[in-house]
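K.L.:
The following block contains a protein sequence and its predicted model.
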Amino acid sequence: MRDAHGRTSPVNEGGTMAGRGTWKLDPVHTTAEFTVKHLMITTVRGRFTKVNGTIEVDEDNPGESTVEVEIDAASIDTGVADRDAHLRSADFLDVEHFPTLTFRSRRVKGAANKEGDRFKVIGDLTIRGTTKEVTLDATYEGSGKDPWGGTRAGFSGTTQIDRGEWGLTWNQALEAGGIVVGTNVKILLEVQAVKQ
């Protein structure tokens, strides 16, 4: 949506983001999931159950809007207790020494003008104390009023990382060739944010 000066506005009640302001992620309706190959033949799915974050919308320059997300590393859940314990260990996330994963945006390419708009969020992903730049391919899913008088907006996002770049290098070779855990991890985000 454009204002009288031709500027792009970031969510209004008509389904677009409008107005400078702060949006808090709703942890109950926000998911951070991932998939990775196991034994090179099947896909294991997991998620983090504790996700918090803030979106700062810059109406005058949507590209300068910012996103900050913090994930409790120990909240990892793949549905298998022994596997989750291994993922929390020093072989993987080492949650004792690195209790959080964080994402902090550097810039946004594109704007959420209407439902279905796609844009990119480029920023720093920190895992196990190592920070690397990643690009999230994001989609604006729309916005509206909730039953309690608040305004909410939805977003989805995906990216793929090589876990080894963050020091997550544990693996075992298979007798017939290949490895137990794939190196490529797909990340899938569903975000609901509440305007403050």
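P.N.:
Good, I have the coordinates.
K.L.:
Got phi/psi on the nearest residue to Tyr140 once chain neighbours are set aside?
P.N.:
In space, Tyr140 comes closest to Ala112 once its chain neighbours are excluded; the distance is 3.6 Å by C-beta to C-beta, 6 or more residues apart in numbering. In this view, the C-beta of every residue, glycine as well, is placed from N, C-alpha and C. For Ala112, the backbone dihedrals (degrees, to the nearest 10) come out as phi -90, psi 80.
K.L.:
ok, and the closest non-adjacent residue to Gly129?
P.N.:
Once flanking residues are discounted, Gly129 sits nearest to Phe98: 5.5 Å by C-beta to C-beta, 6+ apart.
K.L.:
The one you found contacts Trp166, correct?
P.N.:
No: shown here, Phe98 and Trp166 do not form a contact pair, counting by C-beta atoms under 8 Å, at 10.0 Å.
K.L.:
Looking at these two, which has the bigger crowd around it?
P.N.:
When Phe98 and Trp166 are compared for neighbours, Trp166 comes out ahead with 20 against 16, by other C-beta atoms under 10 Å.
K.L.:
In contact with that one, which residues are there?
P.N.:
Taking C-beta atoms under 8 Å, 6 or more residues apart in numbering as the contact definition, Trp166 lies against Leu125, Ile127, Arg128, Thr130, Lys132.
K.L.:
The last one contacts Arg163, correct?
P.N.:
No: between Lys132 and Arg163 no contact is recorded; they are 10.8 Å apart, counting by C-beta under 8 Å.
K.L.:
between these two, which one's more packed in?
P.N.:
Between Lys132 and Arg163, counted using other C-beta under 10 Å, the more crowded position is Arg163 (20 against 12).
K.L.:
so what's in contact with Phe98 and Trp166 at the same time?
P.N.:
By C-beta under 8 Å, 6+ apart, the residues touching both Phe98 and Trp166 are Ile127, Arg128.
K.L.:
Only alpha carbons, please: show the helix or strand hosting His86 as PDB.
P.N.:
Element membership for His86, per DSSP states H and E: helix 81-88. Extracted in PDB, the C-alpha atoms of helix 81-88 (Å, rounded to 0.1, in the frame of the first residue of the first chain):
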ATOM      1  CA  ALA A  81      13.600 -38.500  24.000                       C
ATOM      2  CA  ASP A  82      17.000 -40.200  23.500                       C
ATOM      3  CA  ARG A  83      17.500 -38.300  20.200                       C
ATOM      4  CA  ASP A  84      16.500 -35.000  21.800                       C
ATOM      5  CA  ALA A  85      19.000 -35.600  24.600                       C
ATOM      6  CA  HIS A  86      21.800 -36.300  22.000                       C
ATOM      7  CA  LEU A  87      20.900 -33.100  20.100                       C
ATOM      8  CA  ARG A  88      21.100 -31.100  23.300                       C
END
